[in-house]
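[1] Whatever this is, show me its structure:
(chains A and B)
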Amino acid sequence: GQQVKQSSPSLTVQEGGISILNCDYENDMFDYFAWYKKYPDNSPTLLISVRSNVDKREDGRLTVFLNKSGKHFSLHITASQPEDTAVYLCAAGANQGGSAKLIFGEGTKLTVSS
Amino acid sequence: DMKVTQMPRYLIKRMGENVLLECGQDMSHETMYWYRQDPGLGLQLIYISYDVDSNSEGDIPKGYRVSRKKREHFSLILDSAKTNQTSVYFCASSPGTGESAETLYFGSGTRLTVL
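    The predicted structure is shown next:
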């Protein structure tokens, strides 16, 4: 079964609004959680990541919330802009001496309409 | 300039032919990965390499093998390609140490079509 799951294949948000992207995971050994952004015909790039010792991390307009008991993490993008339109991939993994065998979700296509 | 380079960018092969996808990185990263991306399935891990000749199966290794003889190069080999191996293949590397140990740096991808 899918170890990391993004239940929403797509999301549309008005410009200026808050985009909330969700991700669920199954393996409670996972201790590293990340969000990657992917434009069409481009490679994924890391947006933001957290380790399991925190339940929230902010970076500018981005905030990751981690709910370990619920095996769920989310990405909030405030003041959403048209250039935020992309596919967002969540990923989770267990640190293995520095390397993490990251498992990715299916992706959520975010469209920010102006 | 930190970079992961994949060759070729596009490739068309016939069923049964052998396929070699090449990946290089100039960041001296220990760990390298091969993923494939298919619609509705996200990125699926094929193989992970922790260093030269230290390779481990990912979630979907069947039909693939890898080779890592130098730290900066990681190859994906399809012996006798099948039509269901048509996909976009991404190579990635990660530092393995430090604050950003797990950060993946991806190549631009290879779009493989098997006819």
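[2] Skip ahead from the least confident helix or strand in chain A by mean pLDDT and say which helix or strand is next.
    Lowest by mean pLDDT, DSSP states H and E among the helices and strands of chain A is strand A:99-100, with a mean of 68. Next along the chain after strand A:99-100, taking DSSP states H and E as the criterion, comes strand A:103-104.
[3] Extract the residue ranges of chain B that are flagged as low pLDDT.
    Applying pLDDT under 70 to chain B flags residues B:1.
[4] same thing but 90
    Applying pLDDT under 90 to chain B picks out residues B:1-2, B:7-8, B:39-42, B:95-102.
[5] Could you do chain A as well?
    Across chain A, the ranges flagged by pLDDT under 90 are A:1-3, A:7, A:28, A:40-42, A:94-102, A:114.
[6] what residues does it put near chain B?
    Within chain A, the positions near chain B by CB under 8 Å from any CB of the partner chain are A:4, A:6, A:9, A:32, A:34, A:36, A:42-46, A:49, A:89, A:91, A:93, A:95, A:97-107. To be clear about C-beta, it is placed using only N, CA and C from the backbone, and glycine gets the same treatment.
[7] Out of those residues, which end up buried?
    Taking 16 or more other CB atoms under 10 Å in any protein chain shown as the criterion, what is buried in the residues of chain A next to chain B is A:4, A:6, A:32, A:34, A:36, A:43-44, A:46, A:49, A:89, A:91, A:93, A:95, A:99-107.
[8] returning to what we had before: just the ones of the residues of chain A next to chain B in strands?
    A:4, A:32, A:34, A:36, A:45-46, A:49, A:89, A:91, A:93, A:95, A:99-100, A:103-104 (DSSP state E).
[9] Name the member of those residues with the shortest distance to B:Phe106.
    A:Thr45 (7.2 Å; CB to CB).
[10] which residues touch the closest residue to that closest one other than its chain neighbours?
    Leaving aside its chain neighbours, A:Thr45 sits nearest to A:Lys37 (5.8 Å; criterion: CB to CB, 6 or more residues apart in numbering or on different chains). For A:Lys37, the contact set (CB atoms under 8 Å, 6 or more residues apart in numbering or on different chains) comprises A:44-45, A:47, A:86-89.
[11] Run through the bridge partners of A:Lys37.
    Counting by DSSP bridges, A:Lys37 forms beta bridges with A:Thr45, A:Tyr88.
[12] From B:Gln25, how far off is it?
    In this view, A:Lys37 and B:Gln25 are 20 Å apart by CB to CB, to the nearest Å.
[13] report the longest strand in chain B, please.
    strand B:42-51.
[14] and the helix or strand just after that strand, how far from the chain's centre?
    Next along the chain after strand B:42-51, taking DSSP H and E as the criterion, comes strand B:54-57. Relative to its parent chain, strand B:54-57 has a centroid offset of 12 Å by CA atoms, centre = their mean, to the nearest Å.
[15] what residue of chain B is the furthest out?
    What lies farthest from the middle of chain B is B:Glu99; by CA atoms, centre = their mean that is 24.0 Å.
[16] Work out for me the element that one sits within.
    Using DSSP H and E, B:Glu99 falls outside every helix and strand.
[17] what's the spacing between A:Val50 and B:Ile12?
    Going from A:Val50 to B:Ile12 by CB to CB gives 41 Å.
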